[in-house]
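J.: This is a predicted model, with the sequence first.
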Amino acid sequence: MAPQSPYGTAEFDSRAFRTAMGQFCTGITVITSIDGVGDPVGFACQSFAALSLDPPLVIFCPMKTSRTWPVIAERGSFVVNVLSNRQQAVSAVFGAPGQDKFASVEWDPSPAGMPVIRNSLTWVECGVETVTDGGDHHVVIGRANVLGEVLQDKPLLFYRGGYLSTEHPRVTPVQEELENFLTWNGGDTWL
Ligand SMILES: Cc1cc2nc3c(=O)[nH]c(=O)nc-3n(C[C@H](O)[C@H](O)[C@H](O)COP(=O)(O)OP(=O)(O)OC[C@H]3O[C@@H](n4cnc5c(N)ncnc54)[C@H](O)[C@@H]3O)c2cc1C
Ligand SMILES: NC(=O)c1ccc[n+]([C@@H]2O[C@H](COP(=O)([O-])OP(=O)(O)OC[C@H]3O[C@@H](n4cnc5c(N)ncnc54)[C@H](O)[C@@H]3O)[C@@H](O)[C@H]2O)c1
């Protein structure tokens, strides 16, 4: 007989869900694009991750109310800017509705003309591959086309609804094992 759970039934409302999800620490990105008249658009996004190495895919989830998302969908491409811990103000600007979010940031065009925000840890230019439903969000899979240079800086982290600064992460044996796992191309031999 399966053991009985000691946890009971937790209260499950929106605030409790956010509190639980806030225990999962993430980096922060700003996802940018260019609209039909050449104006830059973008929003702060923590629901970003690397998805696949072959082909090189990324994933992010914009709210269905996002005003940046229709621009990205129309253009079919976007840039993911990975923020450094010197860019907390950038996250704040792009994480709230605003008329001209780019007034306070310096940026340069990516090869396809989309905003690369200066001093980001790195950036990736992507094309939209698929869009599926994710409740009150879209689930967007993009294909990485161009990689930016990597700055030797510290990441900006989002944790428990706030910003968390870290020392520069050291490469530990666990990270080396993860790197070996991610770059392993010898096929599955563990079965
Ligand atoms: C750390 C962090 C992580 C985040 N992660 C994500 C994420 O993963 N996914 C995600 O979708 N969002 C995320 N957000 C929230 C997102 O960045 C903000 O909602 C941002 O404002 C969206 O920008 P936008 O350009 O897409 O849309 P906006 O232009 O900000 O529009 C969003 C909504 O606000 C309304 N609005 C716009 N301007 C005004 C105004 N002046 N007055 C009243 N209402 C207005 C619009 O009609 C629309 O309904 C995150 C925010 C932070 C701070
Ligand atoms: N995925 C998202 O859309 C997302 C993620 C983080 C923050 N935000 C927005 O940024 C603002 C600042 O957040 P906060 O300081 O109140 O932190 P919070 O306490 O609301 O966030 C804690 C956690 O809840 C989750 N979360 C929060 N809002 C969400 C949403 N709309 N959809 C899906 N997951 C969500 C995230 O995992 C986040 O780390 C809020 O307006 C929040 O809605 C949105």
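T.: Here it is on my side, so go on. Ligands and ions are numbered 1, 2, ... in the order given.
J.: Tell me the residues on the protein that lie near ligand 2, please.
T.: Residues of the chain lying near ligand 2 by C-beta under 6 Å from any ligand atom: 18, 21-22, 46-47, 61, 63, 95, 158, 161. All C-beta atoms are positioned from the backbone trio N, CA, C, and that covers glycine.
J.: So which of those belong to strands?
T.: Among the residues of the chain next to ligand 2, the members falling in strands (DSSP state E) are F158.
J.: how about JSON lines for the residues of the chain next to ligand 2, with pLDDT and neighbour count added?
T.: Shown next, in JSON lines, are these (pLDDT from 0 to 100; neighbours: other C-beta atoms under 10 Å):
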{"residue": "R18", "pLDDT": "95", "neighbour count": "11"}
{"residue": "M21", "pLDDT": "96", "neighbour count": "12"}
{"residue": "G22", "pLDDT": "96", "neighbour count": "14"}
{"residue": "Q46", "pLDDT": "98", "neighbour count": "18"}
{"residue": "S47", "pLDDT": "98", "neighbour count": "16"}
{"residue": "C61", "pLDDT": "98", "neighbour count": "18"}
{"residue": "M63", "pLDDT": "98", "neighbour count": "16"}
{"residue": "G95", "pLDDT": "97", "neighbour count": "16"}
{"residue": "F158", "pLDDT": "96", "neighbour count": "19"}
{"residue": "G161", "pLDDT": "94", "neighbour count": "9"}
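J.: restrict the residues of the chain next to ligand 2 to contacts with ligand 1.
T.: Restricting these to those touching ligand 1 (C-beta under 6 Å from any ligand atom) yields 46-47, 61, 63, 95, 158.
J.: Name the residues linked to V124 by a beta bridge.
T.: V80, L147 (DSSP bridges).
J.: can you name the two of the ones next to ligand 1 among the residues of the chain next to ligand 2 that are farthest apart?
T.: Based on C-beta to C-beta, the longest span within those runs between M63 and F158 and measures 15.8 Å.
J.: Tell me which residue of the protein lies closest to ligand 1.
T.: G95 (2.6 Å; C-beta to the nearest ligand atom).
J.: Let me see the contact set for the residue most central in space within the chain.
T.: By C-alpha atoms, centre = their mean, the chain has its centre lying nearest to F48, at 2.8 Å. Residues counted as contacts of F48 (C-beta atoms under 8 Å, 6 or more residues apart in numbering) are 26-27, 29, 31, 58-60, 80.
J.: Now with 6 Å, please.
T.: F48 is in contact with 29, 60, counting by C-beta atoms under 6 Å, 6 or more residues apart in numbering.
J.: so how far is Q87 from it?
T.: Computed as C-beta to C-beta, to the nearest Å, the F48 to Q87 distance reads 15 Å.
J.: same question, T9
T.: Distance, T9 to Q87, by C-beta to C-beta: 41 Å.
J.: three-state assignment of R15?
T.: The three-state assignment at R15 reads helix, by DSSP: H, G, I helix; E, B strand; the rest coil.
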